[in-house]
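>>> Sharing a model that was predicted from the sequence below.
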Amino acid sequence: MVIPCYKESSRLPDFLAKLCECSETTELPIKIQTVDDGSGPEEAEFMVFLVQRLQSKFKVLLDALIIEPNQGKGGAIYSGWDQADTSKYKWVAFVDADGAISPKETLNFLSKTQSSKNDHKTCLWSVRITGEGKEVNRTKMRQALGNIFRSIVKFTFNLPLRDTQCGLKCLPTEAYQQIRHRLKEKRFVFDIELAAHLTRQKYKLKEIPINWHESPGSTMNIMSAFKMLVSLFVIRWRLLTRKS
């Protein structure tokens, strides 16, 4: 389980401590790795200190991974997943550091790996969908931008997903390694390229509705949304020009 971080020193400590604590009370064979995505020397130093302090109490926590320069959320996640050996890790996953998805909800999601049928061809995709027994709380601005973005993604990519961007996903390590060389997008919309290549390789994307509560400090704004749209069309062009 990778936690990608970019200047998350204010939100990560509480979330990471609670996630480690909850993880050690479950029977899930999980390891957690934080990845600092070029946040700068002070943030990197803080993360190393935080992880080392928590490692004295929690065996589930791996050493922090520090990468330079900043690559983007997708790049940070892939850097963590690249460390996974298929002989040791059957699954790779990530969860956002902001705590919008609680530790309890994160582990409940991961527990689905223990019951997935034909799980070597199934990827778990969290979705924020109201009306299915789950609570989804977000600002009206973020909700409006999200609805527009989902409509564009559905029209452009026709993926079997109602929500491509929720910050919790899990897939077989073998699946990731199979498509790793095709994954070029490293920033906000890496999820879409990831989903597109998984479906091309006949992997099933299984939607798991979750509770989600927007966390203060979100970097989503109009400019971010514009950059995401540009990246979408770049991904679509790459998919069109490379069929397999």
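That came through fine. Everything quoted here is computed from the prediction, not taken from an experiment.

>>> mind exporting the helix or strand where Leu110 lies as CSV, just the C-alpha atoms?
Leu110 is part of helix 103-110, with elements assigned from DSSP states H and E. Presented in CSV, the C-alpha positions along helix 103-110 are these (Å, rounded to 0.1, in the frame of the first residue of the first chain):
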residue,chain,number,x,y,z
PRO,A,103,-8.2,4.1,7.7
LYS,A,104,-11.1,1.8,8.6
GLU,A,105,-12.7,2.4,5.1
THR,A,106,-9.3,1.8,3.5
LEU,A,107,-8.9,-1.6,5.2
ASN,A,108,-12.4,-2.6,4.5
PHE,A,109,-11.8,-1.9,0.8
LEU,A,110,-8.6,-3.9,0.9
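
>>> Please enumerate residues in contact with whichever helix in the chain runs longest?
Longest helix in the chain by number of residues, with DSSP state H as the criterion: helix 222-241. Identification of contacts with helix 222-241 by C-beta atoms under 8 Å, 6 or more residues apart in numbering yields 145, 148-149, 152-153, 156-157, 184-185, 187-189, 192-193, 196. From N, CA and C alone the C-beta is placed, and that goes for glycine too.

>>> If any of those residues are buried, give me the PyMOL selection for them.
For selection in PyMOL, the members of those meeting the burial criterion (16 or more other C-beta atoms under 10 Å) are listed in this command:
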select buried, resi 145+149+153+157+185+188+189+192+193+196
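
>>> Around Thr34, count how many other residues there are.
In terms of burial, Thr34 registers 26 neighbours under the definition other C-beta atoms under 10 Å.

>>> is it fair to say it lies in a helix?
No: applying DSSP: H, G, I helix; E, B strand; the rest coil, one finds Thr34 to be strand, outside a helix.

>>> which residue ranges form the helices in this protein?
With DSSP H, the ranges of helices along the chain come out as 12-23, 41-55, 73-81, 103-110, 140-157, 173-179, 190-200, 222-241.

>>> out of those helices, deepest packed?
Using mean count of other C-beta atoms under 10 Å, the stretch among the helices of the chain with the greatest mean number of neighbours is helix 73-81 (a mean of 23).

>>> got the contact list for that one?
Counting contacts by C-beta under 8 Å, 6+ apart, the residues touching helix 73-81 from outside are 2, 4-6, 33, 35-37, 65, 67, 71, 92, 94, 173, 176, 180, 183, 185-188, 190-191, 194.

>>> just how off-centre is it within its chain?
Here helix 73-81 shows a centroid-to-chain-centroid distance of 9 Å under the convention C-alpha atoms, centre = their mean, to the nearest Å.

>>> repeat for stretch 79-99
Its chain's C-alpha centre lies 9 Å from the corresponding centre of stretch 79-99 when counted by C-alpha atoms, centre = their mean.

>>> In contact with the closest residue to His120 other than its chain neighbours, which residues?
Computed as C-beta to C-beta, 6 or more residues apart in numbering, the closest residue to His120 that is not its neighbour in sequence is Pro172, at 5.6 Å. Under the criterion of C-beta under 8 Å, 6+ apart, the neighbours of Pro172 are Lys90, Trp91, Val92, Asp119, His120, Lys121, Thr122, Cys123, Tyr203.
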